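1. Following is a predicted model, sequence given first.
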Amino acid sequence: MPQFLPIAYFQQKFCPFEEATISIATHGLHYGTGAFGGLRGLPDPANPQQALLFRLERHCRRLSQSAQFLQYDLDASHIKSVIIEFVKKNHPTEPFYIRPLVYTSDLGIAPRVHDVEHDFAVYGLPLGDYLSPEGITCRISSWQRPSDLNLPLRGKITGCYINSSLAKTEAKKSGFDEAIMLNSQGKVSEASGMNIFLVREGQLITPGVDQDILEGITRNSVIQVAQDLGMPVLERSVDRTELLIADEVFLCGTAARITPVKRIENYTLPTDRPITTKLQDLLKAIVENREPKYRDWVDVIPLG
Ligand code: PMP
């Protein structure tokens, strides 16, 4: 079993992680009627009596919006205050990942999102690198990213992740680290749990929000930081072959941070990645609260 932070939030109170358990009849387990978030935090390198959380506000807003798809009113400010309390109670001593979760806790059968009970829970785990920051290999998945007509893709809805799970396993079992999915129009969408960027002739390009992507918070941060650095950023549809001849490709997400791609199928990408490296370094500095310009992206939580 992976290691977890000792305290969880479950059924409106804090309790030991081991006590936060649910019934096998739970509606959300059967029908994918849940939603989750994922944020990273770390002990402040400048003061271990504080923890730093990256883009807390925005993560809370996205979870609140995801809950709306489930017809569950969950205020972003409530999510935020629970997460802050969660961090204080756990007093983490190494980099960590927080997983807030909403799910239909009802024990009744029949797929629906109306007339069901919900719960909001939070747990966490220590988390180092999710993917190798040195670079990974990707395959183009045979699983297509569903469209916004099929699923509420702007939410991190648990049921949507069967697609990511199948794509990731297909990639792993065929000898690759990660899957890149195309959408129903055959355009590049994203990876199993990350957004994708490519660099061509000094331009940073990423599939637009109309390409069936999750609107990633790291993606949003990368776009903003790149623009602040004066780099042109294009949000547009991307063809598969553009990836194969790109100067640089990277994936980004909360868990993966910025992860360079070194090979896609049997196309090897250049090992010199000046833009990826620059963004990786800058994002690391921002997350560690070493960049005054981006201090409003970092919440400092006193651990007491
Ligand atoms: N796409 C998917 C499908 C994801 O699950 C994630 C991770 N939440 C991302 C992209 C990246 O989003 P973020 O940067 O907000 O973590």
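-> Thanks, I have it. Numbers count the residues shown, from 1 in each chain.

2. Pairing partners for the nearest residue to residue 238 once chain neighbours are set aside in the sheet, please.
-> Nearest non-adjacent residue to residue 238, counting by CB to CB, 6 or more residues apart in numbering: residue 188, 4.1 Å away. Yep, even glycine has a C-beta here, placed from its N, CA and C like the rest. Assessed by DSSP bridges, residue 188 has beta-bridge partners residue 182.

3. From what I see, residue 43 and residue 93 are in contact.
-> Yes: judged on CB atoms under 8 Å, residue 43 makes contact with residue 93 at a distance of 6.0 Å.

4. These two: which is more packed in?
-> Comparing residue 43 with residue 93 by other CB atoms under 10 Å, the one with more neighbours is residue 43, at 18 against 12.

5. Enumerate every residue touching the more buried one.
-> Residues near residue 43 by CB atoms under 8 Å, 6 or more residues apart in numbering: 50, 51, 52, 92, 93, 94, 95.

6. Now go through those residues and say which are in strands.
-> Of the contacts of residue 43, the ones assigned to strands by DSSP state E are 50, 51, 52.

7. So what's the residue count around the closest residue to residue 72 other than its chain neighbours?
-> Of all residues not flanking residue 72 in the chain, residue 118 sits nearest, at 4.4 Å (CB to CB, 6+ apart). For residue 118, the count of nearby residues is 21 (other CB under 10 Å).

8. what's residue 118 in contact with, if anything?
-> By CB under 8 Å, 6+ apart, the residues touching residue 118 are 67, 70, 72, 74, 102, 103, 104, 105.

9. Tell me the confidence at the second one?
-> Meaning residue 70. pLDDT recorded at residue 70 is 97.

10. One more: the first one?
-> Among the per-residue scores, residue 67 shows a pLDDT of 98.

11. Can you tell me the closest non-neighbouring residue to it?
-> In this structure, residue 67 finds its nearest non-sequential neighbour in residue 74, 4.2 Å apart by CB to CB, 6+ apart.

12. Would you confirm that the one you found contacts residue 103?
-> No: using CB under 8 Å, residue 74 is not in contact with residue 103, being 11.4 Å away.

13. higher neighbour count, those two?
-> For residue 74 versus residue 103, neighbours defined as other CB under 10 Å are more numerous around residue 103 (26 against 19).

14. Thank you, goodbye.
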